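Colleague: Here is my input, please return the structure:
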Amino acid sequence: MGKIIAIANQKGGVGKTTTSVNLAASLGVLEKKVLLIDADPQANASSGLGIDVDTVEIGTYQILEHSNTPEEGIIKSTSPNVDVIPAHIDLVAIEIELVDKENREYMLKQALESIKDQYDYILIDCAPSLGLLTLNALTAADSVIIPIQCEYFALEGLGKLLNTIKSVQKIHNPDLDIEGLLLTMYDSRLRLSNQVVEEVQKHFNDMVFNTIIQRNVKLSEAPSFGESIIAFDATSKGASNYLSLAEEVIKKNSI
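Modeller: Now for the predicted structure:
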């Protein structure tokens, strides 16, 4: 049975989409069958894997609306073993449209029941908010990866997110687990980066991934070519970081 992992943090610019795309590609290279669900109206995870979002007719919006099945929304990506359910800007409207629906937090969970067994991992790239979209992702997920930028404000929003996760565990999804905190955008030359790493490891020890994602120009360049870092430059630091993260995730889930 596939494991559903949400990649969430209400703070923008912390490396959620970069992590979603490159972890999916890395797991695919390691011969795991992966589905990446783009649950962010900006649709960067979709375009980051070479999908033209303007041509998307069936995506996350239709699946949350239950007007189409997930099977109908799946697109093969350019990355080996990675399928995508893409997003479109119309996903912005879903928060308003779901408000009156019964069981509105369970729409994604219900939709994914039919395809959960077809994949080793289903990754959900969440929007940078704690709205209904992210709530649907956390309710559907088995666990959550929280990317944390190695910068001053990184820890500020973490408490708020952990409280949201606690309330989701209490009300909607008692089995939701924290897969791990992932330190991103690390620059070993900066004292501040090292301080954030120390603080996070000190407070959350076992919850923190051993892999740290370092700042890397190639990681920033890859999305503009519609490629994962693995396809764009497999020899780069970014590629080796994400492969190492994928190995850690697989190892953790095989225990």
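Colleague: surely Asn22 meets Ala231?
Modeller: No. Checked against C-beta atoms under 8 Å, the pair Asn22 and Ala231 is beyond contact range at 9.9 Å. Every C-beta, even on glycine, is put in place using the N, C-alpha and C of the backbone.
Colleague: who has more neighbours, those two?
Modeller: Between Asn22 and Ala231, counted using other C-beta atoms under 10 Å, Asn22 has the larger neighbour count: 30 against 20.
Colleague: ok so, going back, check the contact lists of Asn22 and Ala231 and give me the overlap.
Modeller: The contact sets of Asn22 and Ala231 overlap at Ala222 (C-beta atoms under 8 Å, 6 or more residues apart in numbering).
Colleague: what helices or strands is the strand or helix carrying Glu97 leaning on?
Modeller: Assigned by DSSP states H and E, Glu97 falls within helix 94-98. Contact here means 3 or more C-beta pairs under 8 Å, 6 or more residues apart in numbering; DSSP states H and E; on that basis helix 94-98 packs against helix 60-65, helix 132-140.
Colleague: ok, which stretches of the stretch 101-250 of the chain are strands?
Modeller: Along the stretch 101-250 of the chain, counting by DSSP state E, counting those that start in this stretch, strands occupy 121-126, 143-149, 177-186, 208-214.
Colleague: what's in contact with the longest one?
Modeller: With contact meaning C-beta under 8 Å, 6+ apart, strand 177-186 is reached by 5, 14-15, 18-19, 142-151, 165, 193, 196-197, 200, 204, 207-209, 211-215, 245, 248-249, 252.
Colleague: Show me which of these are buried.
Modeller: A residue is treated as buried here by neighbour count (16 or more other C-beta atoms under 10 Å); on that basis the buried members of these are 5, 14-15, 18-19, 142-151, 165, 193, 196-197, 200, 204, 208-209, 211-215, 245, 248-249.
Colleague: Let's have the strands of the stretch 101-250 of the chain in a markdown table, adding distance to Ile37.
Modeller: Below are those laid out as a markdown table (distance: least, C-beta to C-beta, whole Å):
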| stretch | distance to Ile37 |
| --- | --- |
| strand 121-126 | 5 |
| strand 143-149 | 14 |
| strand 177-186 | 16 |
| strand 208-214 | 21 |
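Colleague: Any chance you could list what contacts the helix holding Glu97?
Modeller: 61, 64-65, 104, 107, 131-133, 136.
Colleague: Narrow those residues to those that are buried.
Modeller: Buried positions within those, assessed by neighbour count (16+ other C-beta under 10 Å), are 61, 64, 104, 107, 132-133, 136.
Colleague: Now for those: which two are most distant?
Modeller: Tyr61 and Arg104 (14.2 Å; C-beta to C-beta).
Colleague: Listing request: residues of the stretch 151-255 of the chain with sub-threshold pLDDT.
Modeller: Counting by pLDDT under 70, the low-confidence segments of the stretch 151-255 of the chain come to 255.
Colleague: where do the helices sit along it?
Modeller: When assigned using DSSP state H, counting those that start in this stretch, the helices of the stretch 151-255 of the chain occupy the ranges 158-171, 191-204, 217-221, 229-232, 237-254.
Colleague: so of those, which one's packed in deepest?
Modeller: Looking across the helices of the stretch 151-255 of the chain with neighbours counted as mean count of other C-beta atoms under 10 Å, the highest average goes to helix 229-232: a mean of 23.
Colleague: what's the closest of the buried ones among the contacts of helix 94-98 to Ala39?
Modeller: Using C-beta to C-beta, Leu133 is the member of the buried ones among the contacts of helix 94-98 that sits closest to Ala39, with 5.4 Å.
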